[in-house]
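S.K.: here are the coordinates; sequence isn't available:
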């Protein structure tokens with residue numbers, strides 16, 4: 001029985017909403033360690049494994065802003081609890097999957113739930129904390145996110161090694177149940193009484209069809225005939241063109257494209273897109289390389305990819321002081337350069353390489369995440385007027401999840417092409433390593449472009465004044 005009083009209610013709300021954030025962020029990383037066992041257990045192809053990750057990211061990207069607006073209209077606690085229920089249902093479907101198709105369906109449902117959780121988790125916290133305590137609460141909330149990302153590979157590797165990949169989804173159920181119970185008991189309902197009830201349905205349909213078509217063409221390029229791939233690509237591009245037109249005409253668009261006319265926002269968005277997108281690709285291919293080529297166990301692989309995620313914990317604690325001393329532009333540009341250098345090191349792998357070659361590349365990439373992740377939101381929002389804070393933070397969250405789906409799809413298309421071409425003359429190990437090296441060249445190029453755009457557009461703003469209380473919730477709503 002929860003002992004909730006007026007004095008501790010806000011901390012229970014923080015605990016409940018942070019539980020939703022934790023399970024969302026944890027599932028973003030633990031599944032990467034299970035891809036090799038899933039490949040064997042379900043007989044999945046590389047394309048099928050990509051969809052396990054891609055469909056999750058695509059669904060979040062397409063729905064996160066819509067669920068944010070739904071919470072303003074229908075109640076944030078209600079949307080959050082529906083998101084928890086959806087995430088639990090998706091976990092159940094995934095845990096019982098007998099085929100890769102069922103697992104993909106489960107991950108789609110999980111993505112819907114995750115979009116609602118991402119949209120409302122912090123909104124619940126900011127609605128109950130007074131300005132004097134809000135900074136402390138936001139710090140705890142952000143620490144939960146970083147902790148989940150850092151522990152994900154280690155926990156995922158341990159669960160798969162000593163139990164089964166299915167337990168990665170089963171363990172979500174008690175966590176979700178605890179979060180739902182706490183939020184139901186402690187959290188008052190809140191909504192924005194001035195929010196419009198109009199939803200951009202046309203835009204939502206267009207972007208969902210467009211992104212799915214483009215990603216489908218990239219992922220299935222080696223399995224489908226030429227006309228089928230071109231048809232999927234054509235439908236995707238046409239739908240995205242319709243999305244562009246719709247978003248310039250509706251009253252409440254999913255994406256306000258005028259935001260990108262703001263130089264610092266565009267630069268920070270470019271850094272977020274390139275770095276976070278490449279992160280998803282790295283976490284997709286490297287654990288499989290460690291397990292399938294180098295022969296490490298799943299648990300050992302989880303330990304060996306910690307250089308990618310662990311530096312974020314260290315730099316999160318130092319982020320404020322580093323930004324004050326060096327400025328967001330210098331930190332982010334240095335980080336993007338480190339990420340590109342790390343990927344250039346990974347391009348040297350071959351069938352006879354060991355982990356010693358990978359380690360400096362992974363560590364540089366992890367340092368890059370630590371240097372860029374915290375400043376990019378501050379840099380994006382610093383030059384943004386308060387009236388645009390809500391939609392700007394939502395679009396930035398969409399940008400990060402969309403990046404994962406698109407860059408993973410592009411990297412996967414190149415990977416499959418090289419692997420299948422090389423496998424006829426080389427063994428599996430050499431072909432997989434050559435494909436990883438080729439994909440790393442692509443990621444390095446993407447990161448170099450991101451570094452140039454970061455240096456060109458991001459500016460180190462003077463210390464901002466605290467935003468008015470009524471805008472703080474929107475300013476910090478989304479985080480992934």
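M.R.: Arrived safely, thanks for sending. Values in this document were obtained by computation on a predicted structure and should not be read as measured data.
S.K.: tell me what the top helix by length along the chain is packed against?
M.R.: When secondary structure is assigned using DSSP state H, the longest helix within the chain turns out to be helix 389-423. Under the contact definition 3 or more CB pairs under 8 Å, 6 or more residues apart in numbering; DSSP states H and E, helix 389-423 sits against helix 46-74, helix 201-219, helix 263-288, helix 355-382, helix 428-457, helix 469-475. In short, each C-beta sits where N, CA and C put it, glycine included.
S.K.: residue 249: which of those is closest?
M.R.: The minimum distance between residue 249 and the helices and strands packed on helix 389-423 falls on helix 201-219, with 9.2 Å, by CB to CB.
S.K.: buried sites along the helix or strand just after the closest one?
M.R.: Scanning the chain past helix 201-219 towards its C-terminal end, the next helix or strand to appear is helix 226-247 (assignment: DSSP states H and E). Across helix 226-247, burial judged by 16 or more other CB atoms under 10 Å covers 229, 232, 233, 235, 236, 239, 240, 242, 243, 246, 247.
S.K.: equivalent analysis for stretch 281-300, please.
M.R.: Of the residues in stretch 281-300, 281-294, 296, 298-300 count as buried by neighbour count, 16+ other CB under 10 Å.
S.K.: ok and the longest helix of the chain relative to helix 226-247, angle-wise?
M.R.: Taking axes from the mean of the first three to the mean of the last three CA atoms, to 10 degrees, one finds that helix 389-423 is oriented at 170 degrees with respect to helix 226-247.
S.K.: which stretches of the stretch 1-150 of the chain have low pLDDT?
M.R.: Within the stretch 1-150 of the chain, the segments meeting pLDDT under 70 span 1-2, 4-7, 135.
S.K.: could you pull out the helices in it for me?
M.R.: Assigned helices in the stretch 1-150 of the chain, in chain order: 9-30, 35-42, 46-74, 76-95, 100-128, 131-162 (criterion: DSSP state H, counting those that start in this stretch).
S.K.: pop out the phi and psi values for the nearest residue to residue 147 once chain neighbours are set aside.
M.R.: In space, and not counting its chain neighbours, residue 147 is closest to residue 313: 7.0 Å by CB to CB, 6 or more residues apart in numbering. With angles defined as degrees, to the nearest 10, residue 313 sits at phi -60, psi -40.
S.K.: is residue 412 in contact with residue 218, as I believe?
M.R.: Yes. Between residue 412 and residue 218 there is a contact at 7.0 Å, judged by CB atoms under 8 Å.
S.K.: identify the residues contacting the residue nearest to residue 147.
M.R.: Residues near residue 313 by CB atoms under 8 Å, 6 or more residues apart in numbering: 146, 147, 150.
S.K.: gap between it and residue 148?
M.R.: Relative to residue 148, residue 313 is positioned 11 Å away (criterion: CB to CB, to the nearest Å).
S.K.: spatially central residue in the protein, please.
M.R.: Central residue of the chain (CA atoms, centre = their mean): residue 401, 4.4 Å from the mean position.
S.K.: mind listing what the closest residue in space to residue 347 that isn't next to it in sequence touches?
M.R.: Excluding its sequence neighbours, the residue lying closest to residue 347 (CB to CB, 6+ apart) is residue 440, at 4.4 Å. Applying CB under 8 Å, 6+ apart, we find residue 440 in contact with 343, 344, 346, 347, 349.
S.K.: those residues into JSON lines, with extra columns for secondary structure and neighbour count?
M.R.: Supplementary listing: the contacts of residue 440 in JSON lines, determined by DSSP: H, G, I helix; E, B strand; the rest coil; neighbours: other CB atoms under 10 Å:
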{"residue": "343", "secondary structure": "helix", "neighbour count": "27"}
{"residue": "344", "secondary structure": "helix", "neighbour count": "18"}
{"residue": "346", "secondary structure": "helix", "neighbour count": "26"}
{"residue": "347", "secondary structure": "coil", "neighbour count": "16"}
{"residue": "349", "secondary structure": "coil", "neighbour count": "22"}
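S.K.: show me which of these is closest to residue 113.
M.R.: Of all those, residue 113 sits closest to residue 343, with 32.2 Å by CB to CB.
S.K.: what's the closest one in contact with, if anything?
M.R.: 278, 282, 361, 365, 440, 441, 443, 444, 447.
S.K.: show me the two of those that sit farthest apart.
M.R.: Across the contacts of residue 343, the two members that end up farthest from each other (CB to CB) are 365 and 441, 14.6 Å apart.
S.K.: mark out where each domain of the chain begins and ends.
M.R.: 1-185, 200-251, 258-463+470-480 (automatic domain parsing).
S.K.: ok, the nearest residue to residue 333 once chain neighbours are set aside - how many residues close by?
M.R.: Nearest in space to residue 333, with sequence neighbours left out and distances taken as CB to CB, 6+ apart, is residue 455 at 4.5 Å. Here the count is done by other CB atoms under 10 Å, and residue 455 has 17 residues near it.
S.K.: ok, now residue 321?
M.R.: Per other CB under 10 Å, the neighbour tally for residue 321 reads 9.
S.K.: angle of the helix or strand encompassing it against helix 355-382?
M.R.: When secondary structure is defined by DSSP H and E, residue 321 falls within helix 306-326. Angle, helix 306-326 to helix 355-382, by the same axes, to 10 degrees: 40 degrees.
S.K.: compare residue 365 and residue 441 (neighbour count), which wins?
M.R.: In terms of neighbours (other CB under 10 Å), residue 365 is the more surrounded of residue 365 and residue 441; the figures are 29 against 14.
S.K.: that older thread, nearest to residue 23, of the contacts of residue 343?
M.R.: For those, the closest approach to residue 23 (CB to CB) belongs to residue 282, at 22.5 Å.
S.K.: how about the closest one, what does it touch?
M.R.: Residues in contact with residue 282, defined by CB under 8 Å, 6+ apart, are 308, 343, 362, 365, 443.
S.K.: as a markdown table, the buried residues of helix 226-247 with distance to residue 431 and pLDDT would be great.
M.R.: Rendered in a markdown table, the data for those read as follows (distance: CB to CB, whole Å; pLDDT from 0 to 100):
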| residue | distance to residue 431 | pLDDT |
| --- | --- | --- |
| 229 | 22 | 83 |
| 232 | 26 | 88 |
| 233 | 26 | 89 |
| 235 | 32 | 93 |
| 236 | 29 | 91 |
| 239 | 35 | 93 |
| 240 | 34 | 92 |
| 242 | 40 | 95 |
| 243 | 38 | 92 |
| 246 | 44 | 92 |
| 247 | 42 | 89 |
